[in-house]
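*Asks:* fold the stuff below for me.
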Amino acid sequence: MGSYMEEFTEVKAKNSSEEALQRWRKACWLVKNRKRRFRFTANLSKRFEVREIQRSNQEKLRIAVLVSKAALSFIQGISYTVPEAVKGAGFEICADELGSIVEGHNLSKLKVHDGIEGIADKLSTSLNKGISVSEDLLNKRREIFGINKFAESPAKGFWLFVWEALQDTTLMILAVCALVSLIVGIATEGWPKGAHDGLGIVASIFLVVFVTATSDYKQSLQFKDLDKEKKKITVQVTRNGYRQKISIFDLLPGDIVHLAIGDQVPTDGLFVSGYSLLVNESSLSGESEPVNVTAENPFLSSGTKVQDGSCKMLVTTVGMRTQWGKLMATLSEGGDDETPLQVKLNGVATIIGKIGLFFAVVTFAVLVQGLINRKMIERSHWSWSGDDALEMLEYFAIAVTIVVVAVPEGLPLAVTLSLAFAMKKMMNDKALVRHLAACETMGSATTICSDKTGTLTTNHMTVVKACICGKVKEVSNSVTSSVFCSDFSDSVVRMLTKSIFTNTGGEIVTSKDEKIEILGTPTEAALLDFGLFLGGDFHAERQASKLVKVEPFNSVKKRMGVVLWRPEGGFQAHCKGASEIILSACNKVLDSNGEVTPLDETSINILEDTIEQFASEALRTLCLAYKDIGTDFSAENPIPFEGYTLIGIVGIKDPVRPGVKESVAICRSAGITVRMVTGDNINTAKAIARECGILTDDGITIEGPEFRVKSEEELHELIPKIQVMARSSPMDKHTLVKQLRSTFEEVVAVTGDGTNDAPALHEADIGLAMGISGTEVAKESADVIILDDNFSTIVTVAKWGRSVYVNIQKFVQFQLTVNVVALIVNFSSACLTGSAPLTAVQLLWVNMIMDTLGALALATEPPNDDLMKRSPVGRKGNFISNAMWRNILAQSVYQFVVIWYLQTSGKTVFNLDGPDSDLILNTLIFNSFVFCQVFNEISSRDMEKINVFKGILENIIFVVVLSFTALFQIIIIEFLGTFANTHPLTWQQWAVSVLLGFLGMPVAAAVKMIPVGSR
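*Replies:* The predicted structure is shown next:
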């Protein structure tokens, strides 16, 4: 079995090769309904189409650039006529012309339209104030240029799911059997008596189809809702002179969009202004080398990512007019990769299906052999009647129905059902699952590598302490600006506010209701707020100096720098970032009089002690410094990083989130190790880690630079003890994750928010991106987006992951028990008695109990706190555990003994005689068998614990499914006997049937006391 399952175990939770995906599908040949079984798997042909489009885009772009360059010399020959409809709406350029400029990178056409300013005029927009928000004008823009939405395949209606459910091969064969049964039955016995068997099968088929279609349709609606959530992206725009956040779907040509590092370009557009802009176009063209976008090469394409820098962009083309729109229309049909559990259970279903097919053929052969033997004994083997034909048809229908029951189509589909249910519920718990497999994998997680800022802390930052000119001062509401600045000269305060307001990625704007609003990261916002507290004027400071170059902050350099051209002449560089890094670049310091004095060893020691003091109080420390660099600086050169003058050190408070300590404790009790990986100072990291309960007495704290130089042997000894990594780079995080996964075979979940976290998020088993502070690049690399950036939500995701895993195990245990018993009962009866106690209609009803209804009942159990008291499954855990095999074996033996006893001694026990005795006995067997499944379903709610009733009433779906099963069973027995080959039972016979089913529960409870180990 292990060698057979090889094709079904090579599919990974992430980044599986297409060859592996194709191999398992080929191996999975015994499928009743391919459309249904493979509905939620990747469409590999669509993915191939996407790659072809990317290659085509790359070639088109290369040709367009060459043609554009050649056309510049013939610019006089290019002309453009504005369509009347466009002119009538108040614009001077149409959507097609705009599309041809950006998509074709057509500099010559751009020049004809007087460059970016000319395009802005023709779009009736302002490069500074953006478009007018008058509803009438916005509607005109939508009418002329379209909206920023992509074409999507229409949602499938309910009747399409009914049609797909009817594609089941075995149901088609049964339908043919029913038709033949109707024809032969009516011909021999007349209407309506001869039609009963055929109509019973038809009614059963329709019941199965409609219940299946309803379940699948509801699943599809859940996935549709989740898809909508995934696409909710907001961007910053300027409209009517105000900065505001809007949905990318509301963007229109003429909008001014503000892009920063990590953002996805939401539309096609033109670069208006910005610094150091590097754009990754691999998603559109497959080209991995980033492109430098400048005023000379101003073209920005939708779907590309900002790798570095920032800019203002003029929107030109939206929606399906962009290449990204066309690509997304194809990609949306590509589907999500199937999960490892889906693939494994497809393998199990295929193996059991083959066994079932063998049993079905043998059962049919034995039943036919029994008929022939009986006719030979009666010496009527040469005369065959319509009754004989109907009997043979019934045998064939039983054989086909054995295949229906034996091929557990519900196994892989139960995974999808459980995942869809969990994903919907997790949305309510502030976690958006982007990839199905993440739900499943998170249940096996053994390690969580978490960021500090915004995940363990609140991300609401304020400057609470500052060391200026060697003097440490507290910043609070009770301290006024004049008191704070009383010990420094005005020149020191001016230099400090100048550094804060010019060397920033944030901005201070006035909102619509005339309130001051600070935009930017929490760190930037804290510094800008401190600048306002000092009495600085953001806009006056920005206008007084001209920005020449900006090097944005990133987690590798851990600093940000700008170069200014001063009004009095000469360039000045300003730098801020990680305290020890900036301090190491300083050789001078400002004193309280504003004089520049050399930094001696004593001063450096005092400053280092101050940084340590701030950090030990769990404050995030930043240094600010400046340097005059004369007049010979060029914007093409990097900003120098030596010889700076220290202005000051600030301590920023970022409180630990409420509930984090409890969540870390829950992880520890669940066998999940939590590690903090942060870019902050080691003392700040230690203080926060202790407060959160992450750092213990036997844990190790290490800095990124030290971790980097360790040998493989040293890492092997060190990594299990590491609890905090400070001053880490994204590659340090990537190395740690890789080592944990490969060397220690841990299942690793990693949090990330920045563009540079993408490699670690991609490498991890589960990448968790922050929904508030995370960039679009990080979110796209992640498997789950934590919408509230809260560590407690990550613990909730782990709990749901475990719930999914355990729920599917419960369902598999339940379904395999039904499979085994139904197969053995019909096969053994056919061999030993020459008849099958369970008819085709009855087996179809049993199939529905164990397939769709069983999945609904068991695969949708909500998680409970006990799940987080178990050890994680890890990478090597067996899905079908020893406990499951124990429970399956015990229930199968019990149910087989009950049914075999009824079959051999039932007539005697119940004093059955007369012409209907066989029918009553078979009804008793059928009824007892169904109630065995009903009570086994309850026993399957917990595979280890005896008390299976705990919380049963909280799961409404379970109660409804169980009630429906019992009620419909009564209807089948008492009222549908003609069609289902059953006979109404007395109350004593009902009591015995239900009691025999119930007795399976004490058997299940007794068996759970037998220890079998955890594997």
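*Asks:* excluding sequence neighbours, find me the nearest residue to residue 863.
*Replies:* residue 803 (3.5 Å; C-beta to C-beta, 6 or more residues apart in numbering). (Each C-beta comes from the backbone N, C-alpha and C, glycine too.)
*Asks:* contacting residues for residue 462?
*Replies:* 475, 526, 529, 652, 653 (C-beta atoms under 8 Å, 6 or more residues apart in numbering).
*Asks:* in helices, which of those residues fall?
*Replies:* The helices, defined by DSSP state H, take in 526, 529 from the contacts of residue 462.
*Asks:* ok, of the contacts of residue 462, which come out buried?
*Replies:* 475, 526, 529, 652, 653 (16 or more other C-beta atoms under 10 Å).
*Asks:* the fourth one and residue 275, how far apart?
*Replies:* When distances are taken as C-beta to C-beta, to the nearest Å, residue 652 and residue 275 turn out to be 25 Å apart.
*Asks:* just checking, the residue nearest to residue 863 touches residue 862?
*Replies:* Yes - under the criterion of C-beta atoms under 8 Å, residue 803 makes contact with residue 862 at 7.0 Å.
*Asks:* higher neighbour count, those two?
*Replies:* A count of neighbours by other C-beta atoms under 10 Å puts residue 803 above the other of residue 803 and residue 862, at 23 against 15.
*Asks:* buried ones in stretch 258-278, by neighbour count?
*Replies:* With burial defined by 16+ other C-beta under 10 Å, the residues of stretch 258-278 counted as buried are 258-272, 274-277.
*Asks:* with stretch 991-1009 instead?
*Replies:* Buried residues in stretch 991-1009, defined by neighbour count with 16+ other C-beta under 10 Å: 992, 993, 994, 996, 997, 1000, 1001, 1003, 1004, 1007, 1008.
*Asks:* for residue 667, see how far away the fourth one is.
*Replies:* The spacing between residue 996 and residue 667, counted by C-beta to C-beta, is 45 Å.
*Asks:* so where is the stretch 801-950 of the chain shaky, pLDDT-wise?
*Replies:* Within the stretch 801-950 of the chain, the ranges that satisfy pLDDT under 70 run 833-836, 850-851, 876-877.
*Asks:* change it to 90
*Replies:* Within the stretch 801-950 of the chain, the ranges that satisfy pLDDT under 90 run 801-885, 899-919, 921-922, 926, 942-947, 949-950.
*Asks:* how about the stretch 351-500 of the chain?
*Replies:* 351-445, 450-461, 469-471, 474-490.
*Asks:* what ranges do the helices span in it?
*Replies:* 386-406, 410-428, 436-442, 481-484, 490-502 (DSSP state H, counting those that start in this stretch).
*Asks:* and those helices as a markdown table, adding distance to residue 362 and mean neighbour count?
*Replies:* Converted to a markdown table, the helices of the stretch 351-500 of the chain look like this (distance: least, C-beta to C-beta, whole Å; neighbours: other C-beta atoms under 10 Å):
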| stretch | distance to residue 362 | mean neighbour count |
| --- | --- | --- |
| helix 386-406 | 9 | 21 |
| helix 410-428 | 23 | 24 |
| helix 436-442 | 37 | 27 |
| helix 481-484 | 91 | 13 |
| helix 490-502 | 84 | 20 |
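*Asks:* turn the ones you listed into JSON lines, including distance to residue 235.
*Replies:* Below are these laid out as JSON lines (distance: least, C-beta to C-beta, whole Å):
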{"stretch": "helix 386-406", "distance to residue 235": "52"}
{"stretch": "helix 410-428", "distance to residue 235": "22"}
{"stretch": "helix 436-442", "distance to residue 235": "26"}
{"stretch": "helix 481-484", "distance to residue 235": "35"}
{"stretch": "helix 490-502", "distance to residue 235": "24"}
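*Asks:* who wins for proximity to residue 143 among these?
*Replies:* Among the helices of the stretch 351-500 of the chain, the nearest to residue 143 by C-beta to C-beta is helix 410-428 (34.6 Å).
*Asks:* which neighbouring elements make contact with the closest one?
*Replies:* Under the contact criterion of 3 or more C-beta pairs under 8 Å, 6 or more residues apart in numbering; DSSP states H and E, helix 410-428 touches helix 34-37, helix 196-230, helix 340-377, strand 431-433, helix 436-442, helix 791-833, helix 854-858.
*Asks:* now stretch 135-142: mean pLDDT?
*Replies:* Per-residue pLDDT over stretch 135-142 has a mean of 88.
*Asks:* mind checking how far stretch 479-491 is from the chain centre?
*Replies:* Relative to the chain's own centre, stretch 479-491 is displaced by 51 Å; criterion: C-alpha atoms, centre = their mean, to the nearest Å.
*Asks:* so what touches that stretch?
*Replies:* The contact list for stretch 479-491 (C-beta under 8 Å, 6+ apart) reads 468, 469, 471, 473, 475, 493, 533, 534, 535, 592, 593, 594.
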